[in-house]
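Engineer: Any chance you can model this:
(chains A and B)
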Amino acid sequence: MTTASPAVSARRGATLGWLRRLLTPKIAIIVVVAGLIGYLALVPLYYLIWGTFFDANGFTLGGFARAYGDPRVGDMIGNSLWFAVGAAVLSLCVGTALAYLNVRTDVPFKGLFFAASIIPLIIPGILYTIAWIFLASPDIGLLNKLIEPIFGPAFFDIFTVWGMVWVEGLHLSPIVFLLMVAAFRSMDPSLEESALMSGASRWQVFRRVTVPLTRPAIVAAVLVMVVRSLESFEVPALLGLQNGIYVFTSRIYFVLRSYPPDLAAAGALAVGLLVFALIGVAISNLVGRSGKTYQTVTGKGFRPRPMELGKWRPVMGAVIVLYFFFTVVGPLLVLLYTSLLKFYQAPSGEAFASMTFDNYRQLFDMSDAMTALKNSLVLGLGSATLVMILMAVGAWIVVRSRIPGRQLVDHLSFVPLVIPGLVLGLALSFVYLRSPIPIYGTIFILLIAYCTRYMPYGMRYAVTSMHQISAELEESAQVSGASWWQTFRRVLLPLLSPGLLAGWIYILVVSFRELSSSILLYSPGNEVLSILIFEQYENGQFTVLAALGVVMVLTLAVLVVIAYKLGAKVGLRQD
Amino acid sequence: MLRINNLVKTFDGERRRRRDSKTPSAQEARVFAVNDVSFTVENGQLFTLLGPSGCGKTTTLRSIAGLERPDSGSIEVADRVLFSADEGQKQVNVPANERGLGMVFQSYAIWPHMSVFDNVAFPLQVRKRGERLGRKEISERVMRVLETMELGHLAERQATKLSGGQQQRLALARALVIEPPLLLLDEPLSNLDAKLRESLRYELKRVQRELGITSVYVTHDQVEALALSNAIAVMRNGSVVQLGRPRDIYENPNCRFVAEFIGTSNFLTGNVVAKDGDRYTVNTIDGRLALDSAMTLPLGTDVIVSVRPEAVEVSTTSRAGEVPNEWKGTVLTRAYLGDSLDHVVGVGKHELRTRGNPSTSIEPGTEVYLRMDPAKLVLVPVD
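Structural biologist: Numbering: from 1, shown residues only, chains lettered A, B, ... in the order given. The predicted model follows:
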């Protein structure tokens, strides 16, 4: 015994030293971040599956039977696909055409493109949908009233699948626009010029060179848009439910709203939606991998001569103005107009004469509204900050570390991308209804939901900027004697900050307007702005709702401007 | 034959403003991209536009191609007016896709989604109905061009799977397949590594001479220009500074810019003190120089003498009295370059770079004699 003890203690000493070497701040931070990412990504899914397939008696398919036993389930799936594909195609056509006009032609009003692609980002989907109800509802739609003398009453009906496709498609088109502008810009213009020099007409160049070369971007865009429309909640809930047009998301909401809520059936629908979303993502990955990705970017930056539209220039200019009106001016104007009325009515001399700020005054007296504004702000700032901090470290793990399995962190952080917001809300309620930690019914569950939902975006921003930083900058800091944490804080973070700030602003904006997860997770007293607007719409309080909407858009605009100004001040903004 | 008359192109407003904001000096904020450029390229000749970046050579080329619209001037190819925008004349601007010229881009602009064959067939396939050839004929012509470029065996290969040199030949094949009256080449060798560049340079010259195709070549590489061209136009700030055969340009630069841009040179400032026929005597601060020049300059004119390094002979022995232009100096440093050896020699307050056979290598610090052949010294007027 006595002879063995030095060896044992030596071994123990070695183990302790090994542990101590392992427990550096670097390892601790990495383990915590990777763990959090895994937790956020996987736990809700696990509980969703568990809650759907298991009840008190063990494994069951009862939820599926109840959810898909309904005879109208075929209609629902059909509507979902029609809606999703229709909106995707509309947004693709509009977005691509606008992007091509903007990048490659001498179309007028190029300044409007920027506004038309950025402003819709700060108009929440729910407000956008409601604005379109004000514009094109058969009963109260302003556009219908406007053309009633010519086409008769209720010419437009927004409460149809076509209406849903129109609103969703227009709302998604700025995203396609931004994707395609990037694709067109990154293409070497001499590829098109050489086709032109070969004698091809503009149309031949577009069809035989431009489109095939941007096909990867087009396919990616269309699939992303299909998945996003499948997940969309605001549009189907507000436009579809009125006439009993159900899609997956609105059906899940309906099932949970009936009494008693059938969690397993909702879970079964959620799993179905998840499968559709996964199929979409799988196809897009497959296409992305098999489709040859062309290296069309070259170093030489000769700006191509924009194509002259000639006599079509004024026509295209008119189209741009019309698009701008439909996506930006119309919705905002109708909200502003409604917010100043005593009760909702079509514009008339009388209506303008009776305009008042009463609705805004009423907002300040509504404790709900003030709480909701505060909650939205706190949640937006909180989730944006948390996500970007986590993802800065996460991106380092993925891009720079040599830790085995680092790609797993990347994949995990992207899991929430395929989980529709409503499904995530449902899954999180499964988790925290059972959790002993008293999170359910507090604002923290919303914070967790937002962090989970927007983690993929944060990761994308952080990884992209991490890739732009040469590894030598980091290595030279290490050679200069800096520890890992010092290198991270003093060299990497400052260099990453433009990308991180951009991601932060994006997450702030999208969490501020989040509805589809919140609607299943909020509790009375913990409403956020979008929930309050939804409730007021259901109660028919259109004028107060409009005022609240105007406040919401203004707050977002101010936040974004402040963030950009702050960024510019400390020299973070990149062009 | 290509004829260009008084071509002018200014930057548009936006571009001018951007330039202004970046370059504080108003003098540097050039407004003209191309300023009154005229030249003629005879049939079968290879004409090079040579100059530093921003000199207007690429803009000139793109104006010929129809990818850029000049403000005024005229462009004619084989007696067909492609562009004309002079006041009082008929305005003509044939679109790029109707000019029927061949062009090789700097990036080659090989369409990555097509095979080698399809890339070359494209110009034939997009012809107007009526002028279009049959499938079989297209295939024959494409294969013929590919064979000429030694790419025949790669016809079915994906265009992106070619090496740099093969891509360059493919771009050339695509430009030549329509048998254009004029071939435009925009720095086609600048994307290749040095070794490959040299071999392709000769390849390009061989194809051009064999086919006898009239060509306009844009480059900033003077060696390339000298090796390839029948004639060179040296451009600076949008204008042609000197136009001539490669040998003229190298041996008789008409200004300091050309002498500096083409090769390396020592510049000695001085003053004409005597003249006897073509033989001038120039007084520089380091000594007198005798040299031959066909220029007529009055006595007392300030001039620059351009001394090419290879025009200076370095020796440890003096032959003063036997030959003119012997100066005394001290070797400051030397550099062995493989096929030649450079000495930097201090003469008075100046340093002269010399280049000679590697067999003559002189220790730094040694006193040497520099001899300069009057026929090889070039008189350059002060700008």
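Engineer: check contacts around residue 79.
Structural biologist: No chain was given, so I picked chain A. Residues near A:Asn79 by CB atoms under 8 Å, 6 or more residues apart in numbering or on different chains: A:161, A:240, A:245-247. The C-beta positions use only the backbone N, C-alpha and C, and glycine is treated the same way.
Engineer: nope, chain B please
Structural biologist: For B:Asp79, the contacting residues are B:Met1, by CB under 8 Å, 6+ apart.
Engineer: B:Leu297 now?
Structural biologist: Residues in contact with B:Leu297 (CB under 8 Å, 6+ apart) are B:272, B:275, B:280, B:303, B:379, B:381.
Engineer: what kind of secondary structure is A:Ile403 in?
Structural biologist: Classification of A:Ile403 using DSSP: H, G, I helix; E, B strand; the rest coil returns coil.
Engineer: What sits closest to it if chain neighbours are left out?
Structural biologist: Here the nearest residue to A:Ile403 in space, its sequence neighbours aside, is A:Ile397; by CB to CB, 6 or more residues apart in numbering or on different chains that works out to 6.4 Å.
Engineer: quick one: which two of the contacts of B:Leu297 are the most distant?
Structural biologist: B:Lys275 and B:Pro381 (14.6 Å; CB to CB).
Engineer: Between these two, which has more neighbouring residues?
Structural biologist: Comparing B:Lys275 with B:Pro381 by other CB atoms under 10 Å in any protein chain shown, the one with more neighbours is B:Lys275, at 16 against 13.
Engineer: Distance of the more buried one relative to chain A?
Structural biologist: As defined by CB to the nearest CB, to the nearest Å, B:Lys275 lies at a distance of 49 Å from chain A.
Engineer: May I have the beta-bridge partners of that residue?
Structural biologist: B:Tyr280 (DSSP bridges).
Engineer: ok, it touching B:Thr301?
Structural biologist: No: using CB atoms under 8 Å, B:Lys275 is not in contact with B:Thr301, being 9.7 Å away.
Engineer: So what's the residue count around the residue in the stretch 201-350 of chain B that chain A sits nearest to?
Structural biologist: Scanning the stretch 201-350 of chain B for the residue nearest chain A gives B:Val218, at 12.1 Å (criterion: CB to the nearest CB). B:Val218 sits with 24 neighbouring residues when counted by other CB under 10 Å.
Engineer: check which helix or strand covers it.
Structural biologist: Using DSSP states H and E, B:Val218 sits within strand B:215-219.
Engineer: which is the next helix or strand following that strand?
Structural biologist: Next in sequence after strand B:215-219, counting helices and strands by DSSP H and E, comes helix B:222-228.
Engineer: neighbouring contacts of the helix or strand following that following helix?
Structural biologist: Using DSSP H and E, the helix or strand that follows helix B:222-228 in sequence is strand B:231-236. Contact partners of strand B:231-236, identified using CB under 8 Å, 6+ apart, comprise B:37, B:39, B:41, B:45-52, B:55-57, B:60, B:225-226, B:240-246, B:249, B:257-258, B:261-262.
Engineer: the inter-axis angle of strand B:231-236 versus strand B:215-219?
Structural biologist: 40 degrees (axes from the mean of the first three to the mean of the last three CA atoms, to 10 degrees).
Engineer: Listing partners with orientation, what would you give for strand B:231-236?
Structural biologist: Its sheet considered, strand B:231-236 pairs with strand B:46-50 (parallel), strand B:239-244 (antiparallel) by DSSP bridges.
Engineer: circling back to that earlier point, tell me, how many neighbours does the residue nearest to A:Ile403 end up with?
Structural biologist: 22.
Engineer: That one: which element?
Structural biologist: Element membership of A:Ile397, judged by DSSP H and E, is helix A:367-399.
Engineer: Kind regards, and thank you for your time.
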